[in-house]
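Enquirer: here is my input, please return the structure:
(2 chains)
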Number of protein chains: 2
Amino acid sequence: MINQYINDNKDRFVNELLDMLRIPSVSADARFKADVLRNAEFLKERLLEAGADNVELVETPGNPVVYGEKMVDPNLPTVLVYGHYDVQPADPYELWNSPPFEPVVKDGKIYARGACDDKGQMYMHVKAFETMMQTGTLACNVKFMIEGEEEVGSKNLATFVRENKDRLQGDVILISDTGMLGNDTPSITTGLRGMSYVEVEVTGPNRDLHSGLYGGAVANPINILCQMIASMHDENNHITIPGFYDNVEELSQEERAEMARAPFDLEKYKKALDLSDVHGEAGYVTMERNSIRPTLDVNGIWGGYTGEGAKTVIPSKAYAKISMRLVPNQSSEEITEKFKKHFKSIAPKSVKVEVKPHHGGEPVVTPTDSPAYQAASKAYEETFGVKPVPVRSGGSIPIVAMFKSELGLDSVLMGFGLDSDAIHSPNENFGLFNYMKGIETIPLFYQHFAELKN
Amino acid sequence: MINQYINDNKDRFVNELLDMLRIPSVSADARFKADVLRNAEFLKERLLEAGADNVELVETPGNPVVYGEKMVDPNLPTVLVYGHYDVQPADPYELWNSPPFEPVVKDGKIYARGACDDKGQMYMHVKAFETMMQTGTLACNVKFMIEGEEEVGSKNLATFVRENKDRLQGDVILISDTGMLGNDTPSITTGLRGMSYVEVEVTGPNRDLHSGLYGGAVANPINILCQMIASMHDENNHITIPGFYDNVEELSQEERAEMARAPFDLEKYKKALDLSDVHGEAGYVTMERNSIRPTLDVNGIWGGYTGEGAKTVIPSKAYAKISMRLVPNQSSEEITEKFKKHFKSIAPKSVKVEVKPHHGGEPVVTPTDSPAYQAASKAYEETFGVKPVPVRSGGSIPIVAMFKSELGLDSVLMGFGLDSDAIHSPNENFGLFNYMKGIETIPLFYQHFAELKN
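Expert: Below is the predicted model:
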């Protein structure tokens, strides 16, 4: 009955997603503010159509949170669905094969910014909800909170949650904003890395200088910034910030052996990225480096003349955006402080430096013995025919830790994306197979969760 | 008589320069191509008005060379005036107090891109020539060659010179494209640094990646580029490229003591640039670091996300523009090769690197015992009332070495600019005092040169 309904409405389910993908809801860039709001309105309408009650745009100092709910029976467990309708910036545009905000379906995949992260995965829940409503199979109460600031650190979500604790009472947070190992090897994410994100500014002379007349005599802020950044990794690619590893959870050999059982092909991995070699912390393999180990990456750097041709200038300033991925039990705030202190301490007297924290989030590990995880596991097993593997992801969904601390609720991360979806990259895409599988699997989760909770 | 004429025409001399400064003749940026040509035409007209013969725009594969001459008597010495009508890019525009191509006169200074480098200093020669013509005091034959590609490495000038050797026969090259120590301490530049300029590209993964899913597991090209750049200076700020210092001329203690006699105030220097400390090669003082020692400076760097807010990306590529200032007897070509070889050798296996040479030029030292230098020295002494000091400059005018090798001619560098002119920087300016002093001093050079040559 459920599958029948899903099949009959498949094309509409896809087209509605394409419509949303046409809205460039880039939260990091103020120029897209109007589109972000347009996307919130769009979502509000779809939730109403799907049958949600008390649907509204809850204002915040930033972008509104789209809220909606369906309380069928106070005795049934309540599922809080979280997702986000904002997307990453799409640049560099020139690397897209088709415009990022003009979605196209090719070879069974939807290509567009946000196709997977998170519009596609978030909208599966709206359509699964519609399906359960239309087929009279909604087995739990449900509450939607879809935010518009995930890609800029969910600035205002914590406040929203604090101010709406009653309205947000429930039994579990359900999120699809992660991936699976593969379509034949479904997996459920049980760990997420946290993050510290800072922007640094190095100032040398008070104005741009002629590199001939001053070169060699004054500190060049670009050279200095490069030296400072380079010094933050040692020859083993360990991060050199004092105390950076203090609280890092070291996994046991057993846990690492367990992780190593997840299918991974290094040659395929290198080939897919056109790399002659991988690169990372000594003593850890790739799947550990990108999940259970903290990192320090420069996400952007700029300074001096970057135009066409040659300009012989010593710039006054150089800048970098630097993010650190954190693992249990590092604290985002603490790491940001340690970075700040260290960065200032290694600056030579010949320059001035500033460190501006952008946003952070705490790392989390979610339980695998909870009814929610068990329900999700059974749901995947039924739709994919294989028991899903629990995996630790390298990504960050800072709000998962926040939900735990503010609402005391665990999250279950039912992701349906793949590594090849190229989220945050040009040509982001989401498989129609994955989109529809999500819509099929979610109702089964509701069923099993209702059973296991009672 | 000469001074009378200059006084009577002062305002016009200034206004004509302002007119030329309104033309954004930026040679490094193709978007300004039409303006570059417009500037060449403008100059041609002014030379004709001043009384030059055979004035023409000599086409090159790039921007035309403006040529003009006045042969008064085959028995008189011939002065070849060199200058350039192209300018550096003006960005960052936001740091200018007035638009770079809308010149203003304030506190006795002309503010505009090119005010000093080199439109102001070059146009002094056109107006000095007009003055000598109008007052019947032209004591030498004169040939003008004003190019439009100095700021992009004089790509085509060598070809032009080779193809016009007969037309360019003469006794000395006269150039005003350098500075003086101060208005009360005139100086003549007797040495120039050469240059190698390269653009580097570091490629990690074949596409931008999500820094959460891949962070720590693949080479981040920005981090790697920073490490490579940082490694090019050691703890004493010596450059680590193998063989970089092989042919560097080491000055004797006497020569260094002589240099040290030039007035220099370190505290003033630091204050003017708002620096708590200078920065450079161990074992050398500031005035040596920026003149007799070679350098390696990053003039521009870019990669990843540089827009508003935060983007958690590991970019596929990172770039830098790097220039090395060279001293006698380093060879630009040789140094560029050594840089290339070294840069590739230090690249880890996890990235691909490319090095694209931009342009170069050879260092030079000009004689102080020549009639030309003596004539210049006497001219300054008469107009400034002080004997000018010979100084080695850190800047590069690559074509000086080329003139020597192609035409067998030495150059005399009669600069009237000041450090505070901020050439290549926002708010470039040129003192009216300096502009007019140049126009007064140049005719005296012609006089004395004619005497000393015969």
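Enquirer: A:Pro315: neighbour count?
Expert: Neighbour count for A:Pro315, taken as other C-beta atoms under 10 Å in any protein chain shown: 29. No exception for glycine: its C-beta is placed from N, CA and C like everyone else's.
Enquirer: measure it to A:Asp19 for me?
Expert: When distance is defined by C-beta to C-beta, to the nearest Å, A:Pro315 is 45 Å away from A:Asp19.
Enquirer: same check, this time on A:Asp246
Expert: Separation of A:Asp246 from A:Asp19 (C-beta to C-beta): 48 Å.
Enquirer: equivalent analysis for A:Ala217, please.
Expert: 60 Å.
Enquirer: and what of A:Thr131?
Expert: A:Thr131 sits 19 Å away from A:Asp19, going by C-beta to C-beta.
Enquirer: in stretch A:336-348, what counts as buried?
Expert: Going by neighbour count (16 or more other C-beta atoms under 10 Å in any protein chain shown), the buried part of stretch A:336-348 is A:Thr336, A:Lys338, A:Phe339, A:Lys340, A:His342, A:Phe343, A:Ala347.
Enquirer: next one: stretch A:413-421
Expert: Within stretch A:413-421, the residues that count as buried by 16+ other C-beta under 10 Å are A:Leu413, A:Met414, A:Gly415, A:Phe416, A:Gly417, A:Leu418, A:Asp419, A:Asp421.
Enquirer: quick check: phi and psi on the last one?
Expert: Think A:Asp421. With angles defined as degrees, to the nearest 10, A:Asp421 shows backbone torsions of phi -70, psi -10.
Enquirer: swap in the one 10 residues further on?
Expert: Note on A:Gly431: its backbone torsions stand at phi -70, psi 140 [degrees, to the nearest 10].
Enquirer: can you report how many residues neighbour it?
Expert: Other residues close to A:Gly431 by other C-beta under 10 Å number 21.
Enquirer: contacting residues around the residue located most distally from the centre of chain A?
Expert: Within chain A, the residue lying farthest from the chain centre (C-alpha atoms, centre = their mean) is A:Leu213, at 47.3 Å. In this structure, A:Leu213 makes contact with B:Gly179, B:Asn290, B:Ser393, B:Gly394, B:Gly395, B:Asp419, B:Ile423, judged by C-beta atoms under 8 Å, 6 or more residues apart in numbering or on different chains.
Enquirer: so which of the residues you listed reach chain A?
Expert: B:Gly179, B:Asn290, B:Ser393, B:Gly394, B:Gly395, B:Asp419, B:Ile423 (C-beta under 8 Å from any C-beta of the partner chain).
Enquirer: and the second one, what does it touch?
Expert: Which is B:Asn290. Neighbouring residues of B:Asn290 by C-beta under 8 Å, 6+ apart: A:Leu213, A:Tyr214, A:Gly215, A:Gly216, A:Ala217, B:Gly280, B:Gly394.
Enquirer: now it: phi and psi?
Expert: Main-chain torsions, B:Asn290, degrees, to the nearest 10: phi -100, psi 20.
Enquirer: domain ranges for chain A?
Expert: In the assignment given by the TED database, the structural domains of chain A cover A:1-192+A:363-453, A:194-248+A:294-361.
Enquirer: how far off centre is the shortest one?
Expert: This points to domain A:194-248+A:294-361. 24 Å (C-alpha atoms, centre = their mean, to the nearest Å).
Enquirer: quick one: the closest residue to A:Ser411 other than its chain neighbours from A:Val142, how far?
Expert: Ranked by C-beta to C-beta, 6 or more residues apart in numbering or on different chains and with sequence neighbours excluded, the top spatial neighbour of A:Ser411 is A:Ile173, at 4.0 Å. Separation of A:Ile173 from A:Val142 (C-beta to C-beta) stands at 12 Å.
Enquirer: which residues do the two both contact?
Expert: A:Leu80, A:Val81.
Enquirer: okay, now the unreliable bits of the stretch 251-400 of chain A?
Expert: Scanning the stretch 251-400 of chain A for pLDDT under 70 picks out nothing.
Enquirer: could you rerun that using 80?
Expert: Applying pLDDT under 80 to the stretch 251-400 of chain A flags residues A:359, A:398.
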